[in-house]
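Undergrad: Build the 3D model from these lines:
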Amino acid sequence: MALNVGPDFKQRWLNVPEAVRQTFIDDLSRICDVLKPNSNTSEWLAYDQKQQQMSFELIEDAYASRKAELIEAARLRKQLALEQKLEQKRAAEQAAAEQLRQDEIRQYAAQTQTLALIRQSIDHEVQTYTSRYMKNPETVAINFSKHSAIPDHEILSELESVRVRLELEADSAIEQAISAFRAKLQAAAAEEIDYILKNSKFSDEKPLT
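TA: Got it, this is the predicted structure:
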């Protein structure tokens, strides 16, 4: 009589837990013992019944351990995939935040340059108007200041007011840009925290009483 172990026996045999393989080997060894001419069949049957019960328990324990190992491996794979996904999301958010920061830096530099040009223009206008309304030398007999419709100090005061107003408007624009950048960073951080809570088991845990 030939023993038919079926197809793919090697692969199936290697996938069986070590304790189960050893149990099968022990069962086969007992069967070989009973086939010997001088074996006592009644004693062998009693012994085999006890050994089979032990074999069943060993097999159940072995498969239970294998099942627990497979569940733990699946949990670790899922956890690793979640961590990788979170890491990728965090890296993308950091890249976006860095890009936003660079944009804000460029905008701030452009605004600073514009403000500097405005100040230079104002200073130039102040100098132009100042030179235009300078007092005549004392040697000149005619006093043209009497014919001037606007006094010098009023013109200078008006130019100073324009300069201060432009500076305040530029400072306000810069402050608004910084506030918008901070708001974007806070929104990105809140979104990441919500994502972590939704994809973890912390939200499912009941609080300790």
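Undergrad: Next, the contact list for the residue nearest to the spatial centre of the chain, please.
TA: Nearest to the geometric centre of the chain sits Arg90, at 1.7 Å (C-alpha atoms, centre = their mean). By C-beta atoms under 8 Å, 6 or more residues apart in numbering, Arg90 lies in contact with Glu192. C-beta: built from backbone N, CA, C; applies to glycine.
Undergrad: And the average pLDDT for the host helix or strand of it is what?
TA: Using DSSP states H and E, Arg90 maps to helix 41-132. Regarding helix 41-132, the rounded mean pLDDT is 86.
Undergrad: Tell me how far that helix lies from the chain's centre.
TA: 5 Å (C-alpha atoms, centre = their mean, to the nearest Å).
Undergrad: again, but for stretch 39-54
TA: 63 Å.
Undergrad: Tell me which residues are up against that stretch.
TA: Asp26, Asp27, Arg30, Asp33, Val34.
Undergrad: Now restrict those to buried residues only.
TA: Taking 16 or more other C-beta atoms under 10 Å as the criterion, nothing in the contacts of stretch 39-54 is buried.
Undergrad: and those, which of them are in helices?
TA: Applying DSSP state H to these, the entries found in helices are Asp26, Asp27, Arg30, Asp33, Val34.
Undergrad: and which of the residues you listed is nearest Val162?
TA: For the ones in helices among the contacts of stretch 39-54, the closest approach to Val162 (C-beta to C-beta) belongs to Asp26, at 101.8 Å.
Undergrad: Am I right that the closest one is in contact with Ser55?
TA: Yes. If you go by C-beta atoms under 8 Å, Asp26 and Ser55 touch, sitting 7.0 Å apart.
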